[in-house]
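A predicted structure for the sequence below; I have some questions about it.
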Amino acid sequence: MRREPIDPEGIVWSRVSPKYLRVRLIGWFVGSVIYLLIFSIPLILRLAGVWPDFPPLAIAIALPAAVLLISGWRGLLLPRQVRALGYAERDDDLLIRSGVIFQRTLVVPYGRMQYVDVAVGPLERAFGLCTLKLHTASPATNAAIPGLPAAEGARLREQLSSRGEARLAGL
Amino acid sequence: MPGGPPAGTDDDSWRRVSVISPLVRGWIALAAIAFFFGRDWFEGLFGPGAREGLPGAIGIGLTIALILGIVVLIALGFLVSWYFTRYQVTAEYVRVNSGVLFRQNRQARLDRVQAIDVVQPFLARIFGLAELKFEVADAGESAVRLAFLRLSEAQQLRATILARASGAAVAPDASGGLAEAPEREVVAVPSGRVIGAVLLSGTTVLLLAAVVVVATVTVVFRTPFAAPTLIPMALGVAGTYWSALNSGYNFRAALSPDGIRVRYGLLDTRAQTVPPGRVQAVGIDQPLLWRLKGWYRINANVAGYGAGSPGEGQARATLLPVGTRAEVFSILALVLPDPGTERPLEVFSAGLNASGPAEGFTTAPRRARWLAPLTWRRSGFAVTGTALLVRSGYFHRRLAVVPHERTQSLSLHQGPLERALRVMELQLQTTPGPVAPSLSHIDETAALDLFSGQARRAAEARRRSIPEQWMKPIQQTSGAVMPAPPSYGPPATGAQEPPGPGQPPLDPPRDQPLEQPPLDPPLDQPNRQQIPEGPGSHEQR
């Protein structure tokens, strides 16, 4: 993957599991179908004749079309979004990057870490993945790494905990 | 020990809060009951059904009996809850047991203290009572709330907790004679200025605009119906004015070895103590109208205070409700004793008022003016040896100061427009509070430099940061004098004394920024040796 301007120099990013794309795709598909159904209600009612002429036909068609368009765009973006997720363990801190269009790079010093969460949802469990979340004293620190293989998640959790302990600082 | 509780010699014992505190806490409930029944009874006297009901005397008697019964029940409830609430302060912990059916035992480490407040709501003030709040860094409700104690008792307890938390007095039996650490007043805000600041706030502008709009509507359309909309607005504005006045009135800030002391309040009074190193970020801002008078406000993020409720939380996070520039520097010198630069006055002034690249500030590049036509020359940052300064705001000027070792995390953001213009946004995450430092539209290279440099500086600063127990490693000096508060550069206010002979210079030139132990001034103060109890009561380290 090419280096984006937002990446600090000399960082080798660890990527999340490629299987995470499937988790995201399933979630995306289910969500898209639900949204599509909801926004198709005016069109269905109109075609069924329940609503004779209240929403103009153009609007009734435009709503699901817009949903399709947005969903399609998001679906196309998903593979790149998953590939853009990355993390790097440095000596003193953990770097996390994400985003394709709106990019973000976050650095959390190990000593600032208050606790580490490893969460597994049903879909993630089916693929043997987990989500690791690092908490600092600031709720604004949004340091989550989704789509880690379970073993890597456990290793990272232990690694972060021991490093955090070694560099323990109050606040 | 003068004025202390009789059991002062045995400080580890379990104690209860003051016996009249249920009354002070429950008076609202009692008042509500009185109002409720009183109104019923009063209306019943004159209502149409008054004659047909029970004969007056029996009815009144029954009602009074009923009211008394309910009051007694509630009072009993409060009494039982009071009886089962006990607290204990040991050398390392403060413990509170409460609850009757569902017992709660809470224990908080003393050296984890982030702030201690002694609060006196109006009614408690009448009875000479106070509430003590012990804050730790979970940013939720207070870890320990003792409501209510006698004021002297609360102050005594605060002194004991702070002394033990600081590591100055470790032996539990030594604490009986601990008086409050001495303090020196640094800033006192005159009440006239508080009123002026309230009147010059944005609320006033909104009110005036609303009045103009309503008057125009009334005149143009010849209708009186717009005028009543002003009534709720006036009530809201009055509320805002009142809370600003109440929380800014009689504001005093002082320095003590236990940290910064802040007192304020008109009807409800509050005394807050924030120990050294507990301030996570400082924000100085100046609303547009305050420029007329050259006033500023200082807010701070303190972990224990959290975001809080809008009114109270905001007041608690205020280190200076309204002050001149000299006072701003006095407060800044308390919070950040080592500014990390040889020209602190110039650098911070540039951060407060200037725009452009003066005094080491890096501003947004010229191409960013498409994204920020007004602020691109103003928004920028400067790095000193100990803190990062982030300035922003064209009309409402803001300056955020974050000590390097207090940064929780850093993030870089870039959207498509910013990518096209090769600029970035950098955010610093600190504990919840009013200050949220964020730098927008910084040149890519500068942002990346700052990002990696800041991560490195934060790591370095943490390695040499002061310990949790802020007095523990310091040699006890026998000096009995409270040293002058640290100040920046030449005494701008004219009232500052030069540092004592035993003091290191307050603005040490940062030739060897790493080897030098930082943050000297507030730590090098004498411990509580001015108490004429003899040195035996304190642990000599």
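Ah, there it is.

pLDDT below threshold where in chain A?
A:1-2, A:168-171 (pLDDT under 70).

interface residues of it facing chain B?
Within chain A, the positions near chain B by CB under 8 Å from any CB of the partner chain are A:4-6, A:8-9, A:92-93, A:101-109, A:111-112, A:136-141, A:143, A:167, A:169-171. In short, each C-beta sits where N, CA and C put it, glycine included.

How about stretch B:184-204, which residues are buried there?
B:186, B:187, B:189, B:193, B:194, B:195, B:196, B:197, B:198, B:200, B:201, B:203 (16 or more other CB atoms under 10 Å in any protein chain shown).

Excluding chain neighbours, give the residue nearest to the single nearest residue of the stretch 51-200 of chain B relative to chain A in space.
Closest approach between the stretch 51-200 of chain B and chain A, counting by CB to the nearest CB: residue B:137, at 5.4 Å. Of all residues not flanking residue B:137 in the chain, residue B:303 sits nearest, at 3.6 Å (CB to CB, 6 or more residues apart in numbering or on different chains).

Phi, psi for the one you found please.
Here is the backbone geometry of residue B:303 (degrees, to the nearest 10): phi -60, psi -40.

Quick check: it vs residue A:161, distance?
21 Å (CB to CB, to the nearest Å).

out of those two, which sits in the more crowded spot?
A count of neighbours by other CB atoms under 10 Å in any protein chain shown puts residue B:303 above the other of residue B:303 and residue A:161, at 26 against 14.

Return the residues in contact with the more buried one.
A:137, A:171, B:114, B:135, B:136, B:137, B:139, B:278, B:280, B:431 (CB atoms under 8 Å, 6 or more residues apart in numbering or on different chains).

Next step: the buried residues of stretch B:184-204 restricted to strands.
Counting by DSSP state E, those place B:186, B:187 in strands.

Nearest to residue A:68 among the buried residues of stretch B:184-204?
residue B:203 (47.8 Å; CB to CB).

so what's the closest one closest to, chain neighbours aside?
In space, residue B:203 comes closest to residue B:240 once its chain neighbours are excluded; the distance is 5.0 Å by CB to CB, 6+ apart.

how close does the residue lying farthest from the centre of chain A get to chain B?
Within chain A, the residue lying farthest from the chain centre (CA atoms, centre = their mean) is residue A:52, at 42.3 Å. From residue A:52 over to chain B the distance is 41 Å, taken as CB to the nearest CB, to the nearest Å.

hey, where'd the helices end up in chain A?
Assigned by DSSP state H, the helices in chain A fall at A:20-48, A:57-84, A:122-126, A:150-166.

For those, give me a markdown table that also has distance to residue B:225.
Shown next, in a markdown table, are these (distance: least, CB to CB, whole Å):
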| stretch | distance to residue B:225 |
| --- | --- |
| helix A:20-48 | 39 |
| helix A:57-84 | 37 |
| helix A:122-126 | 58 |
| helix A:150-166 | 64 |
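
Let me see the contact set for the residue of the stretch 51-200 of chain B closest to chain A.
Residue B:137 sits next to A:137, A:171, B:112, B:114, B:303, B:304, B:431 when contact means CB under 8 Å, 6+ apart.

Could you break chain A into its assigned domains?
For chain A, the structural domains run A:20-81, A:85-166, going by automatic domain parsing.
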